[in-house]
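**Q** For reference, the sequence and a predicted model appear below.
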Amino acid sequence: MLSLVIPTYNEAESLPMLLPRLQGALKGIPHEIIIVDDDSPDGTWHKAEELQAFYPTLRVIRRRGERGLSSAVVAGFRAARGEILAVMDADGQHDAGLLKKLVETVQVRRGVAVASRYIPGGSTGQWNRRRTLFSRAGTRVTTLLCRLSVRDPMSGFFAIDRPLFERISPHLHPRGFKILFDLLMRLPRGTPVTEVPYTFAPRAVGTSKLSLKVQWEFIFSLFSLLFERWARAAWVLFLLLFIGLGVFLSVRAWELKLLVLDAEVRERTKMAFESLSNTEGWLISDLSLRSVSATSLTMIYRPHGRGDAPAKCIRVNLDFFGWSPCDAS
């Protein structure tokens, strides 16, 4: 059986036009239609309850104190009784005639079937240039950052195998208006995802919900999911860098251990720095220690800010404070 979830908010005018289309499109397919309404001020939930008298397969869920398309879809999926779960908008912009194809695809491949605007045969229809650019840019960023192979990961029209949804459901954190890419990012490796072309139709009644707030919620959701996906890898990388730095500093500290353990060596080292500064005219800040023994020091002299003068390694005798190149025999 198919469970078709339709999230709604202020869609009371749309339902009387949508349900007859669905009745025709789903003829011969065992199904239930679940309206999940976020307590719409226009009484969408009440209109849906009235329509139940004409559509026996219609169920209505009225959510109070909750808001958001993604969470409404998940609530509908969790309340569904069907083996195949699908979602579409109530405003008539999704082609109900495509439902049969989506259902058949999931029945055969047991994965996800997505109605796509961005594969050959698909289209955004009568969108204006601004909305088209925003949608394509968002889709491109999503596919690149999340490494998704789906061309339309922000589609609101798709179907999924119920056991697959139940497997990933505990890991979902639904927020915003784009539930599909949240699902896609949590799919087990190798899960079949099929895209079916469709043309986005113009809204017949009501107003679009694509406000600036919705767009910001999508951007926030995208980067939240991206951080969640790569957080573990980032911590592993940080730990490896921390260990590597610790090993490097430990080796350097071991080579300089006599500065801590032997007060006489520490004092003679100080005198060696002062002697080199006085006799050679070198700035103490241009000298850096590399290793210390009871009788000698190894240093790097690097004249900062003095043209192209090269750095050189020197070895200092602690008995008379004389120095020689490190490679001298």
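**A** Cool, got the structure.
**Q** dump the residue contacts of residue 285.
**A** Counting by CB atoms under 8 Å, 6 or more residues apart in numbering, residue 285 makes contact with residue 304. The C-beta positions use only the backbone N, C-alpha and C, and glycine is treated the same way.
**Q** Now do the buried residues in the helix or strand containing residue 264.
**A** Using DSSP states H and E, residue 264 maps to helix 263-280. Applying a neighbour-count criterion of 16 or more other CB atoms under 10 Å, one finds 265, 268, 269, 272, 273, 276 buried in helix 263-280.
**Q** my guess is the fifth one meets residue 282, correct?
**A** No. Look at residue 273 against residue 282 with CB atoms under 8 Å: they stay out of range, at 9.1 Å.
**Q** helices and strands around the helix holding residue 264, which ones?
**A** In this structure, helix 263-280 packs against helix 258-261, strand 287-292, with contacts taken as 3 or more CB pairs under 8 Å, 6 or more residues apart in numbering; DSSP states H and E.
**Q** Residue 4 should be in a strand, yeah?
**A** Yes. According to DSSP: H, G, I helix; E, B strand; the rest coil, residue 4 belongs to a strand.
**Q** my read: it touches residue 102, true?
**A** No. Checked against CB under 8 Å, the pair residue 4 and residue 102 is beyond contact range at 9.9 Å.
**Q** Give me the common contacts of those two.
**A** With CB under 8 Å, 6+ apart, residue 4 and residue 102 have common neighbours residue 86.
**Q** just to revisit the earlier point, let me have the helices and strands packed on helix 263-280 in a markdown table, extended by mean pLDDT, distance to residue 327 and mean neighbour count.
**A** Output for the helices and strands packed on helix 263-280, formatted as a markdown table (pLDDT from 0 to 100; distance: least, CB to CB, whole Å; neighbours: other CB atoms under 10 Å):
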| stretch | mean pLDDT | distance to residue 327 | mean neighbour count |
| --- | --- | --- | --- |
| helix 258-261 | 80 | 23 | 13 |
| strand 287-292 | 85 | 14 | 17 |
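**Q** Now render the ones you listed as JSON lines, adding distance to residue 30.
**A** Formatted as JSON lines, the helices and strands packed on helix 263-280 follow (distance: least, CB to CB, whole Å):
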{"stretch": "helix 258-261", "distance to residue 30": "80"}
{"stretch": "strand 287-292", "distance to residue 30": "79"}
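**Q** wait, which of the ones you listed is closest to residue 91?
**A** strand 287-292 (69.7 Å; CB to CB).
**Q** Let me see the ranges of the strands in the protein.
**A** 2-8, 31-37, 58-62, 84-87, 112-116, 158-161, 193-197, 287-292, 296-301, 312-317, 323-325 (DSSP state E).
**Q** Out of these, flag the one nearest residue 93.
**A** Distance to residue 93, taken as CB to CB, is lowest for strand 112-116 among the strands of the chain, at 10.9 Å.
**Q** Just want the angle from that closest one to strand 193-197.
**A** 30 degrees (axes from the mean of the first three to the mean of the last three CA atoms, to 10 degrees).
**Q** What helices and strands are in contact with strand 112-116?
**A** Strand 112-116 packs on helix 99-109, strand 158-161, helix 180-185, strand 193-197, going by 3+ CB pairs under 8 Å, 6+ apart.
**Q** Please identify the buried residues of the first one?
**A** When you say that, I think you mean helix 99-109. 99, 101, 102, 103, 105, 106.
**Q** Could you pull up the residues touching the first one?
**A** Contacts of residue 99 were listed using CB under 8 Å, 6+ apart, and they are 2, 4, 22, 25, 26, 29, 86, 88, 159.
**Q** Make sure residue 55 is actually in contact with residue 34.
**A** No. Contact criterion CB under 8 Å: residue 55 and residue 34 do not qualify, at 11.7 Å.
**Q** Let's see stretch 78-88 as PDB, backbone CA atoms only.
**A** Extracted in PDB, the C-alpha atoms of stretch 78-88 (Å, rounded to 0.1, in the frame of the first residue of the first chain):
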ATOM      1  CA  ARG A  78       5.800   7.700  11.100                       C
ATOM      2  CA  ALA A  79       2.000   7.600  11.300                       C
ATOM      3  CA  ALA A  80       1.600   5.900   7.900                       C
ATOM      4  CA  ARG A  81       0.500   2.300   7.300                       C
ATOM      5  CA  GLY A  82       1.800   1.700   3.800                       C
ATOM      6  CA  GLU A  83       4.900  -0.200   2.600                       C
ATOM      7  CA  ILE A  84       5.800   2.700   0.300                       C
ATOM      8  CA  LEU A  85       5.900   6.300   1.600                       C
ATOM      9  CA  ALA A  86       5.500   9.400  -0.700                       C
ATOM     10  CA  VAL A  87       5.200  13.100  -0.300                       C
ATOM     11  CA  MET A  88       4.000  15.900  -2.500                       C
END
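**Q** who has more neighbours, residue 55 and residue 34?
**A** Ranked by neighbour count (other CB atoms under 10 Å), residue 55 and residue 34 place residue 34 first, with 26 against 15.
**Q** how close does the more buried one sit to residue 315?
**A** 82 Å (CB to CB, to the nearest Å).
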